[in-house]
Structure formats: structure tokens, C-alpha cells
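>>> Requesting a structural model of the entry that follows:
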Amino acid sequence: MATATHADAHALDKAADLGICGIRRHSSDALVAGLVHELSMGELERKYDRIKSDVGAELGSGTCGSVARVRRRDTGEEFAMKVVSMKSMGTSNFETLRMEVQMQKRLDHPNIAKVVEYFSDEENESMFIVMELCTGGSLVDEMERRGRAYDEPEAAALMSKLLSATRYCHEHGVAHRDIKLDNILYESNAPGAEPKLIDFGYACQLTEQSMTSQLGTPSYMAPELWERRAARHYDEKVDLWALGVVDYMLLSGHRPWHHESMNKKRRMIMHDPVAYPETYWGHRSFECKDFINRLLQKDPAARPDAEAALAHRWVKRHARRQPLSPEVEHGQLCDVVDSLEAFANADKLAKIALEVIAFSLPPARLEALRQIFQSMDTDGSGTLSLDEFRKTMALHTDVPPVRIAEIFNEMDLVHHGEIDYTEFLAATIATSDCFADGESSVRVRNAFSMLDSQNKGYIDANDLTTACSGELDENSAIRMVNQSSEGECGRVDYPQFRETLRRAFPVLPLRRTSLSATNAVCEPREAGYHSRYAAATSTPPQKVIGRAKAFLAACTPFKPSSSPGGSGSL
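Below you'll find the model as predicted:
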């Protein structure tokens, strides 16, 4: 419903993100916010090819622009590229186009679509936003494909993840304001694919002041959004109402209120109770209807927040977060612990480098680690507390409690008191298959390029403070650079960056001399790590060492990749 006539009010609501009005309710952004850079159109043409195909090139379009599929030239990986213009957004201010990116890049959650980078074309009043690619279609597409409503366990599991994403947004100071079936995509077509919340075009920074602009899609808009202009004030609870509508539609295939006349639809939403026709709802449980009723409370003060909604008995009964399976407990967890130990002992520049690598990988490449993170996040907050971390690590009896707390503090790079999703991935990434043969050097080179965002050919203290979203003080950044540079010159070039990673890796503390092409001889303690890892995972030691070799291959000189064929330049 957010048309050009609402653009000015919309911009005022969102101005809080730029510090124009109010103060933030919540503390720091996710560390990954500093990794999303604004680049020139020349960089877009250098880095990406638009995929030209009769099928699947354009992923969708709407009132605010179109979304196309693109391929990164150096890695061959595919992404979604959203194109928005000042005209489509109904604004004469280019800064309004930046607001969506500024809002979404601060969020780091497994069920929120990730912004990778964006490119400004002020001459043509357009912006190109590169995001993770979701190929499974929207919830609307899925319901049409099924030809039936969701079962209660399916809907509850989906709602649990959407509520977790919404809770994370609200606790990090963001209201989405346009949650609907169309703005929830599946990551892929695979069974059990992750849902992703997308399209933060109408999102707003939460401040001490109420929001007032009338935005959203009519069928999902809460009663307070329909108030006449002078009386309209609302908060983030509008997102909980929208989720209630989503759940109602998932379970019945119908909208809770609908009329062709907008005035009559407004009256129904504001005054009519929720109806549950026997045809669609006769076989549904009381708990299910109670959950929906609570989200669709007309009075926002009586509506639960996302944390309380996650604790509802219907969600908890059907969508319990699964504990680690015996295979994970005795296999992957052992693997992860070794990686955590290596990460905790690494210097800070190497840790930031792994954070950048984790951020740049497509989420599906880290599926096993994502499942572990979600199983550890028992309260659905989208972050890990020390208590949650301790409970999982207690399964690994080799690690004493005091060491668990030390590892947690080392993972919390900017000391927020909690572990963000990408911080967890960074600390455990060495156990994944992301460093497959032939791509390690590209991963490490890309990490260097993301830190060296101005293409200077080196990383300095300013690059590190920017990458850490301003959470790293200048003196600490200078010390980190000098530790990795020769002669404390205040610069780290690519060979020095490679060497820093070489020293910090791997999961297993292998000696560099033991990784020859012909054999791999371990010190006694290292052999113990090998044996424990291999016994727990049924993986031969040679394969374990092979993983380390694959990562160390990143320390060879970088050779630019040629552009994949079959695509046209943007």
C-alpha cells in the first residue's frame, strides 16, 4: 500500500536510522554491517555478469523495482540483484534509496536475507543491491504448488523461524512493516529449506518516538495502521499482527478479513473478530487458534511481542528446536570444538579475516554449521548467550568450564556479550567444506579485497575499524596491523595477510613442515587431535590433513579468474 503519496512520511519515519530523530533502543549492530560496502557502477560491471536466460533470469518485480539473477565472475556463484530507482520509490532524495541497505545490512540472522554489497548510479537515480539468492520461491508460490494449506507442525516450525527473525529485528532496533507471504522466500527447493525474510524497503529504525506513516499491504496491516492520520501512532507490534495473518493464511489458504472495498476492509480489520469457518478450521487445534487470536489482538498493548509469541505452547509443542543428534554430538561437535580452539588462539586480524570469509559464503554452503547454531539458540533470539554456549559445549567433556567462557569471549569479537550468527560461523568455518580444492585462494583474496574496500593494495587500521562497524578502537586496530606487517609500517599487504592466516589455521595445530606433498607427520599432541577427530567422525586422518592442506592452498599467489562464459556484462 506504500505508494508515492506516502514517500515523504515514510522517509521521516526512516530518518531515525540516520540519527535525525529519537535515540536507538538497542545497542550495537551486527559486526557484518561494516562489510557491506557501497561501490561504483564500474565495480558492478567488473565483478558481476547478468545471467541471460529465457527462464529464471528475472526473479521478480514489484512497485519498488525488479530482481534479477547475477553471477560473480571470480567465484561463479550466483546472487540476486535488486534494482530500485528514485522514481519507483516515489522520492526525490537519493538518500532514501540507501536507507533500505542501511537498515538490512545491520541484521545477521539465518532467516533474514543477507545484503552482500550495493552499487550507486546517482546519474540515473538508481541503486543495485546484491543479495543472497533464494531460489525456492515465496510462501505464495509454495501454497499454489501444494494446492492445500500447511499442516500444523509445518506451520508452527515455519512460524518459529519467522518469529525468531522478527524478534532479532526488534531487539536490534528495526521494524519491518511489510511482513507478508510474498516477502518470505525459501532458500531453495530442497525439503526443509530455510525461510528468509526479505524486502526491508519499508523498514524503520525503532526510536523513542512512535511511527506514524501508513505503510504496508492492506490485508496484513494492523488496526492501528488504519487509524485516521491525526490519531495514528504505532510500534513494532504491527509485525506481530502481520505474522498472525500469515499463520492464518498458511493454515486455511484464506485471508482473515477481505473485501473489495477498501473502506469495508478497513472496518472489518478494525472491528470484526477473527472468524474460523468450520470448512477450513474444523480439524485445527484450540492451541493453534489461540496462538492466532493472541497475535491478532486489536489492541497492540494486548498483543504479545516476538519473544512471548515464541514461548506460546502451540509453537513450543510443534516446533521444538531439535537437540544435537548423537552423530553431531560425537562427530561434528568434536570437529567444531577443535576449530573453536584454533580460533580462540588466533590473532585478531585472522579472526576478522575468517569473519569476512564466513560472511561472503552462500548460506547453503554452511548448512551443517547453521543447524548447529540453530540447535544452540534455544530461545530463538538469533544470537548465542554464554549460557546457551555452555550447555552445548558441556557435551564435550574435554573442555573445562573456564575454557568454555574463554572461547566464548574470543568469539565475541566486539564484546557485545553475545555471539552473532556470522561470528559463530567464523569461529567454526574451518570444519566446513568451503575450502574445497581450487577455490581457497579466491576466498582469501576476496576477504582481503573486502577489507581493502578502497583498492589501495593494503589493509590499514582504518579498514579494520570500518569492518568492525566502528566497534574497534583505533589503538587496537593499529596494534593488529603492526602484528602482521613488517617493520610495524601500519600496512598489511596481501602476502602478509596470507601469512597471518597460515599461522592461525587450522582446526588441528599442524606444523607447516608436516604438510608436504608426500607425507604429514604430527607431533604427539597433534596426533592425539587427529586420532580423536578421526575416531569421532569415522574420517581417515589423511582426509583431515587434506582439509588443512586445502585451506593452506589459499596461501599461494593469487591468480585472477577469468569470467565464466555464457553471460553478458551488466
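>>> got any ranges where the stretch 151-300 of the chain has weak pLDDT?
For the stretch 151-300 of the chain, the stretches with pLDDT under 70 are 208, 230-231.
>>> which helices and strands does the host helix or strand of Val245 pack with?
Val245 belongs to helix 237-252 when assigned by DSSP states H and E. Judged by 3 or more Cβ pairs under 8 Å, 6 or more residues apart in numbering; DSSP states H and E, the packing partners of helix 237-252 are helix 139-146, helix 152-171, helix 278-281, helix 286-295, helix 306-310. The C-beta positions use only the backbone N, C-alpha and C, and glycine is treated the same way.
>>> To Met99, which of those lies closest?
Closest to Met99 of those is helix 152-171 (Cβ to Cβ; 15.1 Å).
>>> how far is the helix or strand following the helix holding Val245 from where the chain is centred?
As assigned by DSSP H and E, the chain's next helix or strand after helix 237-252 is helix 262-271. Offset of helix 262-271 from its chain centre (Cα atoms, centre = their mean, to the nearest Å): 36 Å.
>>> For helix 262-271, C-alpha coordinates in PDB please.
Once non-C-alpha atoms are left out, helix 262-271 reads as follows in PDB (Å, rounded to 0.1, in the frame of the first residue of the first chain):
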ATOM      1  CA  MET A 262     -11.000  -0.600   1.000                       C
ATOM      2  CA  ASN A 263     -13.300   1.200   3.400                       C
ATOM      3  CA  LYS A 264     -15.100  -2.000   4.300                       C
ATOM      4  CA  LYS A 265     -11.900  -3.900   4.600                       C
ATOM      5  CA  ARG A 266     -10.600  -1.200   7.000                       C
ATOM      6  CA  ARG A 267     -13.800  -1.500   9.100                       C
ATOM      7  CA  MET A 268     -13.500  -5.300   9.200                       C
ATOM      8  CA  ILE A 269      -9.900  -5.300  10.300                       C
ATOM      9  CA  MET A 270     -10.500  -2.600  13.000                       C
ATOM     10  CA  HIS A 271     -13.700  -4.100  14.400                       C
END
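>>> Mind listing residues that contact that helix?
218-219, 221-223, 226, 257-259, 298 (Cβ atoms under 8 Å, 6 or more residues apart in numbering).
>>> Out of those residues, the closest to Ser138 would be?
Ser219 (14.8 Å).
>>> and the nearest residue to that closest one once chain neighbours are set aside, how many residues sit next to it?
Leaving aside its sequence neighbours, Ser219 sits nearest to Arg255 (Cβ to Cβ, 6 or more residues apart in numbering; 5.0 Å). By other Cβ atoms under 10 Å, the residues close to Arg255 number 14.
>>> Surely Arg255 touches Val246?
No - using Cβ atoms under 8 Å, Arg255 is not in contact with Val246, being 10.5 Å away.
>>> Who are the contact partners of Ser164?
By Cβ under 8 Å, 6+ apart, Ser164 lies in contact with 109, 111, 306, 310, 377, 380-382.
>>> out of the residues you listed, which is most surrounded?
Most crowded among these, counting by other Cβ under 10 Å, is Gly382 at 27 neighbours.
>>> so where does it fall, helix or strand?
Judged by DSSP H and E, Gly382 forms part of no helix or strand.
>>> Leaving out chain neighbours, which residue sits closest to it?
Closest to Gly382 by Cβ to Cβ, 6+ apart is Tyr168, at 3.4 Å.
>>> ok, the one you found - how many residues close by?
26.
>>> For the closest residue to Leu181 other than its chain neighbours, list the residues it contacts.
Residue nearest to Leu181 in three dimensions, not counting chain neighbours: Leu139, with 4.1 Å by Cβ to Cβ, 6+ apart. By Cβ under 8 Å, 6+ apart, the contact set of Leu139 is 181-182, 184, 186, 195, 246, 250.
>>> now, the most widely separated pair of those?
Farthest pair in the contacts of Leu139 (Cβ to Cβ) is Tyr186 and Val246. Separation: 14.2 Å.
>>> of the two, who's got more company?
Legend: neighbour count by other Cβ under 10 Å for Tyr186 and Val246, higher for Val246 (23 against 20).
>>> Is the more buried one in contact with Lys180, as I believe?
Yes - in this structure, Val246 is within contact of Lys180 by Cβ under 8 Å, at 6.8 Å.
>>> Now for Tyr234: which residues touch it?
210-212, 222, 224-225, 300.
>>> Quick check: beta-bridge partners of the residue nearest to Glu224 when sequence neighbours are not counted?
Nearest residue to Glu224, sequence neighbours excluded (Cβ to Cβ, 6+ apart): Tyr234, at 4.2 Å. With DSSP bridges as the criterion, Tyr234 is bridged to Met211.
>>> how does the protein divide into domains?
Domain assignment for the chain by automatic domain parsing gives 4-131, 139-318, 326-555.
>>> Quick check: phi and psi on the nearest residue to Trp241 once chain neighbours are set aside?
Spatial nearest neighbour of Trp241, excluding adjacent residues (Cβ to Cβ, 6+ apart): Ala222 at 3.7 Å. With angles defined as degrees, to the nearest 10, Ala222 sits at phi -70, psi 160.
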